[in-house]
Each structure stands twice: as structure tokens, then as C-alpha cells.
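Asks: Pasting the sequence and the predicted coordinates here, then a few questions.
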Amino acid sequence: MFTRYVPIIPKNSNPKKRRRERKRWRGPSRDRATPATPVALFRLSRTSFRGRVPAAEAWFRQLAAKCVREVSLCFSPEWCHDALADPLLGCPTLQVLALGKCHLSDAGASAAAAAALTELTLSETCISEAALQSVLSGCPALRSLVLKHVHGLQRIRVSSCRSLVLLGVWHYKQLDEITVEDAPCLERLLGNMRLNAAITITGAPKLTAFGYAVVSIPHLFHGERAPQGVNKGLRAPIHSVKILAISVKFSSKKDMEKVMSLLDSFPCLETLHFQSSDYRSGADKDYTTVSDYNQKRYPIRAHVLQFMRIQSEMCDVPKWVTEQQNLLSQSNMASLEAEVVFEGMKQRKDFTTEGVNALSDPFDGGINILGH
């Protein structure tokens, strides 16, 4: 038995090179009298199905039949297509699946049987709430689930995913709710949790990293008071979270008040990341920051806080940084030994599951999580 890599050459590459590649490989074809050997990797990037959707769907069927182990379809946002990727969900050998701008039907999802699938990424993919539930039920080995601007979802509910370690959610404003239930291995909930989504977390005792929480919204967490020992919503503290990342307008008093109220829900924080969403229009702008509120009205009560990072465009103004350092040194923080670092805004690397998993702190490696 052997495996093979399937090369796909973009349309904007050298014409002679494209002709040579077409001679070498033209995609899966029923007319070719070749053995049904396994395919290790199928990767398609910077191209478009457009009028070739039936051909693309035929590829998916044949890849599933050839026991493919990894499928990665990464497309640029300006190209639109809607190929049905259902056959891949029934492939028992599939381990990694990344879909961009494809479609998963309810019927196809209900027949999902990708028992070996450990990583699933859906980017601008159309899927219903019922179909997502079916996919999760049919993929018991799933360790990483990343949902990026997925269409068709008003609520994301991840329930009884007992192998899930990483959940990533980047969403548009139609998303109303994120619910995580019975996820005993979940360690990280990452993404861009903004707007009006209500977030409920129960049965996730290993959840240690959460963020970015975007605080320019009415409610970050929502729900009734949870029973004793169960973490649910803002009213029940989440003791497992050790690393928290927050994006906030330092110039907004209301948003800063929400931040200080939010911190009460994470009493066991060891590392706290703040990123300013303010855009400086001048050095004389009336800025405030966490230290002002920490000193004046809402002292941080994290007894085990060891490290706090504050990122802002104002961090390149020495006078402003010195003022904040002085305020923090005078503030009534319960954790007096906490190290505070001020950083300017900088270029960040693209988010990848491998890159994040390699870090003990997912917000400390220069990866673009907030804007992914």
C-alpha cells in the first residue's frame, strides 16, 4: 500500500507549468484504469469551482472511495460556489477536513460516519443547526472544531463532544447563542465572541483559556444561576479558566465597567490579556485604561494573577505608559506580585490549529486570534 499527494496548480500560475501538471494528474476520474490506491492528502487553494461544481462533487465522491485521510479546501473570499461535500462525511479514514465555501446538507450530515476525524474546520460553509449536531454526533474522535463565519447558524450548540480539546468560533451578527455542554476534555474556547451572542458553558472542567471576549456588547455571558458546582453564565464563576483575553475600548467608561464586572466570573485567573479596540486620533486624546478603573472603582480580585498584558496604540507614548504604571503600582490589587507588560499593536501570524496547540498560552505567540 502507498499514499500519494494530489497536486493542484492555481489558475494564475505559469501556463506551461499548468500544462505539465495536467499531463501528470487531471483529478479523480472514473475513466482511468488505475488501482484504487489510498490518497493521503487532497489540498485545493486559490481556485474556484464556479461552473465546475458537478466535477468537484465527483471528486469528493471519489476521494471518499479512495480512503482519503486529509482534505483541505481553502478559497479566497471573492470566489463563490456551493459544492455539496456530503460524501466526505461518510469517509471512515478521513482524519482532517477543512471546507471553504461548500455546502453540507441535513441528509448528508445525518449519515456522517467519519469515525477517525479529529480536526474539522468550516469556513463560510453553509450548514444548519441540525446538520452541525449530526456531524458532531457522527465524529466521536473530534479534537478540534473551528467555525469561521459559517452560514445558516443562529445558535451553536456543542454537546457531548467528549474528545473535543479546542473550539474556535468566529461569527457574524446573526449568531445569538453559543452553548457548550458536557465537554470534559475542552481546554480552549477561542475566537471573536462579540455582538449579542449569549455564551453558556457547563461540564467543561478543563477549560483553561478563553478569548477574545469583545466587551462592546450588552451581555457576554447569559443564563440563570447554575446549580452548585456547575459553571453557567456570568452568575456562576468559572474557576477552571486560568488565561483570559479581552478586547475593549479603553476610552469607553461603560465598556470598562463591564470588564471589571466580567472579571468577577474568573476568580482563578493567572494570566490576563487586554487589547484596546480604540483607534488613536491624536496623542492628546482623553484615554483611560484598566489601571484607572482598577485604582478608582473596581480593583481586580484575582488572588493568583501572575501576569497581565495590555496592548494599545498608546503604548508607543512613553508618558502614557509611565502614567499607567504609576497607577497600577498604587492600585489595590489583591495579587501584588502580578507582572504587567505594555505592548504596542503589531503584525500577527495567521491562525492555525497547529500553531495554537504549540503554545501554552494561545494569546502569547503573536497569532491573530481576534481578527481571524
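Replies: Okay, I see it. Numbering: from 1, shown residues only.
Asks: and Gln174, which of the three is it?
Replies: coil (DSSP: H, G, I helix; E, B strand; the rest coil).
Asks: my guess is it meets Gln154, correct?
Replies: Yes - using C-beta atoms under 8 Å, Gln174 is in contact with Gln154, at 5.9 Å. For glycine as for every other residue, the C-beta is placed from the backbone atoms N, C-alpha and C.
Asks: Where does the residue most central in space within the chain sit: helix, strand or coil?
Replies: Geometric centre of the chain, nearest residue: Gly168, 2.6 Å, by C-alpha atoms, centre = their mean. Recorded secondary structure, Gly168: strand (three-state DSSP).
Asks: Which residue lies closest in space to it, excluding its sequence neighbours?
Replies: Val146 (4.0 Å; C-beta to C-beta, 6 or more residues apart in numbering).
Asks: again with Leu190
Replies: Per C-beta to C-beta, 6+ apart, closest to Leu190 is Gly168, 4.9 Å.
Asks: Run the chain-centre distance for stretch 265-276.
Replies: 18 Å (C-alpha atoms, centre = their mean, to the nearest Å).
Asks: ditto for stretch 175-182
Replies: Remark: stretch 175-182 is offset 14 Å from the chain centroid, using C-alpha atoms, centre = their mean.
Asks: Need phi/psi at Val321.
Replies: In terms of degrees, to the nearest 10, the main-chain angles of Val321 are phi -60, psi -40.
Asks: That one: what's it in contact with?
Replies: Met314, Cys315, Phe342 (C-beta atoms under 8 Å, 6 or more residues apart in numbering).
Asks: hang on, Ile367 packs against Val356?
Replies: Yes - using C-beta under 8 Å, Ile367 is in contact with Val356, at 6.2 Å.
Asks: Contact partners for Asp106?
Replies: Ser128, Ala130, Ala131, Ser134 are the contacts of Asp106 under C-beta under 8 Å, 6+ apart.
Asks: same thing but at 7 Å, please
Replies: By C-beta atoms under 7 Å, 6 or more residues apart in numbering, Asp106 lies in contact with Ser128, Ala130, Ala131.
Asks: my read is Val180 is in a helix, agree?
Replies: No - assessed with three-state DSSP, Val180 is strand; it does not lie in a helix.
Asks: so what's it bridging to?
Replies: Val158, Ile201 (DSSP bridges).
Asks: so how far is Ala358 from it?
Replies: From Val180 over to Ala358 the distance is 23 Å, taken as C-beta to C-beta, to the nearest Å.
Asks: of the two, who's got more company?
Replies: Legend: neighbour count by other C-beta atoms under 10 Å for Val180 and Ala358, higher for Val180 (23 against 11).
Asks: No further questions, thank you.
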